[in-house]
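Participant: Sequence below, structure please.
(4 chains)
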Number of protein chains: 2
Amino acid sequence: MSGPARRVTIRDVAKHAGVSVATVSRTLAGDYPVQPATRHKVLRAVRELDYVRNAQARALSVASPGAVAIVIDNVSSAYYAYIAQGVEEQAAAEGRLSLICTTGGDAERELTIVQMMREQRAEAVILVGSVVQDEDYRERMTRYAHWLAASGSRLVLAGRPPLGEGVPALTVGFDNTGGAHAVTSHLLSAGHRRILYLGLRPGHSTSDSRVAGYRAALADYRVGHDPALEVRCRFDRADGYAAMKQRLTDGPRDFTAVFAATDVVAAGAVQAIHDHGLRVPDDISIVGYDDTPPAEDIRLTTVHLPVAELGRTAVRLALSGKNPLTEPPLMLGTHIVVRNSVKRLENPR
Amino acid sequence: MSGPARRVTIRDVAKHAGVSVATVSRTLAGDYPVQPATRHKVLRAVRELDYVRNAQARALSVASPGAVAIVIDNVSSAYYAYIAQGVEEQAAAEGRLSLICTTGGDAERELTIVQMMREQRAEAVILVGSVVQDEDYRERMTRYAHWLAASGSRLVLAGRPPLGEGVPALTVGFDNTGGAHAVTSHLLSAGHRRILYLGLRPGHSTSDSRVAGYRAALADYRVGHDPALEVRCRFDRADGYAAMKQRLTDGPRDFTAVFAATDVVAAGAVQAIHDHGLRVPDDISIVGYDDTPPAEDIRLTTVHLPVAELGRTAVRLALSGKNPLTEPPLMLGTHIVVRNSVKRLENPR
DNA sequence: CACCTCCTAGAAAGCGGTTACTTGGGCCAC
DNA sequence: GTGGCCCAAGTAACCGCTTTCTAGGAGGTG
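Facilitator: Below you'll find the predicted structure:
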């Protein structure tokens, strides 16, 4: 660490090699004829000075591919991590750098980040997962969407609801209603009629569409919908545990099965069931959603989501050149994974 | 989508507002006196044209903070994801953007990425986790380390061994030997004497230091070290399952406890044990390492690693201005988490 | 009223590259 | 021997923004 590390520029290389900057630039680009002797002089100077081009400066004059920005709640939950992984993979495959930003679920921060990405001239901004969307948020994000479009960037909403008609944003997501319908039907066909839904608070778009599938399946089987069977908790394992525990302790035990809105919530619920001295699936059946890692460990029947594929698709969509105003939302299919958490009832009540 | 989206520049704003580009720049910077009337004219033009500064161009003239690059095997394994999360958090807190790149464990790709990060003028490059390090790799990475240092960037090795003396790279990691010693001692003090080590292939630095702790603890208890009790498999759950299954089927069942090098391997092993009709901890005790999510679900006694803290520390270290040549490696402490996977033996053999 | 000072805004020179245009030398044909 | 052509290398403008330096007008003072 001796002295101020002045970065070596193309001009230094030119001087060192005794040629003009143009020659250095051309040698490095390789798309213009340069005499072997000169090219060697240049390359030697480059080596001796440890010169590397400045990508930022380069981007000024040459139309280089911009970065892909992933804006995500956090990267430590498996669901988001897999999406991020998919985004990064595809971005790298298409020769783009990935910028990653976490919001911690804060809508305000998300808006700030989108602005930052405009300054960075990101080629694509991929908004992942849900965020509480009030009217103010929607209005501002819509404005940003127009700005991004005007400057040639793409906005992709991955796994979240569209912003509305006429907003230049691409959308890709899972068929949550269909998946919830399938997994609820699985319980119903096993003879369960009283199914507790353990989900996130209303207004949370992902949970809402899962509730919709749950209700639709009940309707298909002509089972009355009982609001008292819809319990709401927050996202994580501890919340699932607490909610289940409370229900087992205080509430009526008038259900034979549980549909947890996410596997993590299901994992918490399973632990509460065990702590209560009951067994899965013998005493209570349970299904989850997402097919994230805990599902396999607790032998949970759940709905598999192609999460990494969501990330990859988001990038492909962003770089595809499709018109964001006319391109319809893309829906990725889901499928149910049967493990060992549902018991078939012989005599359905 | 009408016409070629020409980006609006500071000159456009200047013309639109009827002032000079300098005035626009100064108004936006806010650090130079500008008449209220003029400033309003400028701001109106900015609003009307949806102008945002080009951060890349800006970086050319003003010494702006560079990005922090995270170079990581993948982001979908919980261990890495938490590190990445820590890095991103701290980078954001220090006003830096995070670039994320995955290598898929490919050393060659890692080297390429480091070069790319030099072009990007990243302020810090954080190499996370292990990669197979042959002589060629070490030599080239050492060269890159010097280059990065010469251009004022910081290289941080997070959770991997130092490159060697005189290499300008900062190092931060976990005390794996200590952790392995602690958890092995836990088994020994519970009366276990024949402990199977289920680890990664030799040469893998993380596994090697865990083996060292395992052997040291055995020595402390004056228990002979039996090479036949060290089984090697690969990283993931399926490999842990296969290795354990094979040992239970073919190998001698001459052990009462298992020390799995990672929780994920432990999770696979537990499943194999169950599939073999045995129970944990009644028939076989098992401990893991990392304290990643599966550990809680399978009630695994394991070693907790402050992974997010590793990420944060890496960033702090990189931006601290410490001399990478003289700064000693930083070791983050670990602690054992006792759950329910170890049985106390009454009559130790 | 002349002069000086202060304040604001403009002109222009970078930052580190790329590239259109220009130049000069070697080679060939007449 | 001279004109024409081609090729390699140099000159300089430009990418979008910041900032130093300079200019000019307002306002205060003798």
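Participant: What confidence value was assigned to the closest residue to chain B within the stretch 101-250 of chain A?
Facilitator: Using Cβ to the nearest Cβ, the closest approach of the stretch 101-250 of chain A to chain B is made by A:Gly152 at 3.7 Å. To be clear about C-beta, it is placed using only N, CA and C from the backbone, and glycine gets the same treatment. The per-residue pLDDT reported for A:Gly152 equals 87.
Participant: which residue ranges form the helices in the stretch 151-300 of chain A?
Facilitator: Using DSSP state H, counting those that start in this stretch, the helices of the stretch 151-300 of chain A run over A:176-189, A:205-220, A:237-249, A:263-275, A:294-297.
Participant: Just put those helices in TSV and tack on mean pLDDT.
Facilitator: Output for these, formatted as TSV (pLDDT from 0 to 100):
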stretch	mean pLDDT
helix A:176-189	96
helix A:205-220	92
helix A:237-249	93
helix A:263-275	94
helix A:294-297	84
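Participant: Which of these sits closest to DNA strand D?
Facilitator: Of all these, helix A:205-220 sits nearest to DNA strand D, with 35.5 Å by Cβ to the nearest atom of the strand.
Participant: export the helices of the stretch 151-300 of chain A to TSV and tack on mean neighbour count?
Facilitator: Converted to TSV, the helices of the stretch 151-300 of chain A look like this (neighbours: other Cβ atoms under 10 Å in any protein chain shown):
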stretch	mean neighbour count
helix A:176-189	21
helix A:205-220	20
helix A:237-249	19
helix A:263-275	24
helix A:294-297	24
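Participant: quick one, which of these is nearest to DNA strand C?
Facilitator: helix A:205-220 (43.6 Å).
Participant: Go ahead and name everything in contact with the closest one.
Facilitator: A:129-130, A:133, A:159-161, A:176-182, A:184-185, A:188, A:195, A:197, A:199-202, A:224-225, A:230, A:259, A:261, A:289 (Cβ atoms under 8 Å, 6 or more residues apart in numbering or on different chains).
Participant: Save the helices of the stretch 151-300 of chain A as a markdown table, and put in distance to A:Gly18 too.
Facilitator: Formatted as a markdown table, the helices of the stretch 151-300 of chain A follow (distance: least, Cβ to Cβ, whole Å):
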| stretch | distance to A:Gly18 |
| --- | --- |
| helix A:176-189 | 66 |
| helix A:205-220 | 63 |
| helix A:237-249 | 66 |
| helix A:263-275 | 64 |
| helix A:294-297 | 64 |
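Participant: Which one of those lies nearest to A:Thr326?
Facilitator: The closest of those to A:Thr326 is helix A:205-220. By Cβ to Cβ, the value is 22.8 Å.
Participant: For A:Val68, what are phi and psi?
Facilitator: phi -110, psi 130 (degrees, to the nearest 10).
Participant: How many neighbouring residues does it have?
Facilitator: 28 (other Cβ atoms under 10 Å in any protein chain shown).
Participant: how about it, what does it touch?
Facilitator: A:87, A:91, A:96-99, A:122-124, A:126, A:315, A:318.
Participant: check which helix or strand covers the nearest residue to it once chain neighbours are set aside.
Facilitator: Of all residues not flanking A:Val68 in the chain, A:Ala91 sits nearest, at 4.1 Å (Cβ to Cβ, 6 or more residues apart in numbering or on different chains). Counting by DSSP states H and E, the element that carries A:Ala91 is helix A:78-93.
Participant: partners of the following helix or strand past that helix, with directions?
Facilitator: Downstream of helix A:78-93, the first helix or strand assigned by DSSP H and E is strand A:98-102. Take DSSP bridges as the rule and strand A:98-102 pairs in its sheet with strand A:68-72 (parallel), strand B:98-102 (antiparallel).
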